[in-house]
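Peer 1: Here is my input, please return the structure:
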Amino acid sequence: VPSTHLRAEVTRVAAAIPASADVLSLVKGIETGSLARMSEVIIDAGGVAPERVAVLSGPNLAGEIARRLASAGVTVAATARSSDRLYALAAESERIEAFPADVLKPEQLKETVAKIQRTLGPIDLALFGAGMYVPFDIRNIDLDGFHRTMALNVDGVINGVAAALPSMLARKSGHIAIMG
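Peer 2: This is a model prediction of the structure:
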């Protein structure tokens, strides 16, 4: 998709969601680069209040945020391709539930989001943190590694947004955050 078309679609979607201070605070928290601070901003701003549902992808980057949200009373649906790490994260708190899913499989991800909503209720925050980085030297680029990185970091995020956004738009409520 050409970037101008993607930018126009993101702008159109963003215009459909009412602007609010909590989204601005969330962005401000992301800019600090601190996961702990980001967790506090999400909770303090009311973007995800206790008794709400947050979906987090990627157990490594999102794990600390999942722990902090759970300790604040938020129900967390954790998704990841790696079942072992996912279930280990879920075992840390009764407020964290594991939902194995691969962000590179859009239909599977849509089914997982539907299952999360049936099980836990509407998603108030979808935080996409699945990603990878394969260092490379442009003179000796590993094209397979580069394409895997791009697929996970770009396609995975778009697949996640495509899975979570429709129900948020339908109820005119919810937040999507992308980290990485």
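Peer 1: Any idea how many residues pack against the closest residue to A101 other than its chain neighbours?
Peer 2: Excluding the flanking residues, the one nearest A101 by CB to CB, 6 or more residues apart in numbering is T112, at 3.9 Å. Placement of C-beta: from N, CA and C, glycine included. T112 is flanked by 22 other residues according to other CB atoms under 10 Å.
Peer 1: dump the residue contacts of T112.
Peer 2: T112 makes contact with T79, F99, P100, A101, A163 under the criterion CB atoms under 8 Å, 6 or more residues apart in numbering.
Peer 1: Make a PyMOL selection of the buried ones in those.
Peer 2: Selection of buried members from the contacts of T112 for PyMOL, criterion 16 or more other CB atoms under 10 Å:
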select buried, resi 79+99+101+163
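Peer 1: Pull out the buried positions in the helix or strand encompassing A170.
Peer 2: Assigned by DSSP states H and E, A170 falls within helix 156-171. For helix 156-171, a neighbour-count test (16+ other CB under 10 Å) marks G156, V157, N159, G160, V161, A163, A164, L165, S167, M168 as buried.
Peer 1: next one: stretch 105-118
Peer 2: Quick answer for stretch 105-118 (16+ other CB under 10 Å): P106, Q108, L109, K110, T112, V113, I116, Q117.
Peer 1: Please save the CA atoms from that stretch in CSV.
Peer 2: The C-alpha atoms that make up stretch 105-118 are tabulated as CSV, following Å, rounded to 0.1, in the frame of the first residue of the first chain:
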residue,chain,number,x,y,z
LYS,A,105,-1.8,-14.7,10.5
PRO,A,106,-4.6,-12.1,10.1
GLU,A,107,-7.5,-14.5,10.2
GLN,A,108,-6.1,-16.2,13.3
LEU,A,109,-5.6,-12.8,14.9
LYS,A,110,-9.2,-11.7,14.1
GLU,A,111,-10.5,-15.0,15.6
THR,A,112,-8.4,-14.4,18.7
VAL,A,113,-9.7,-10.9,19.2
ALA,A,114,-13.2,-12.2,18.9
LYS,A,115,-12.5,-14.8,21.5
ILE,A,116,-11.0,-12.2,23.8
GLN,A,117,-14.1,-10.1,23.5
ARG,A,118,-16.4,-13.1,24.1
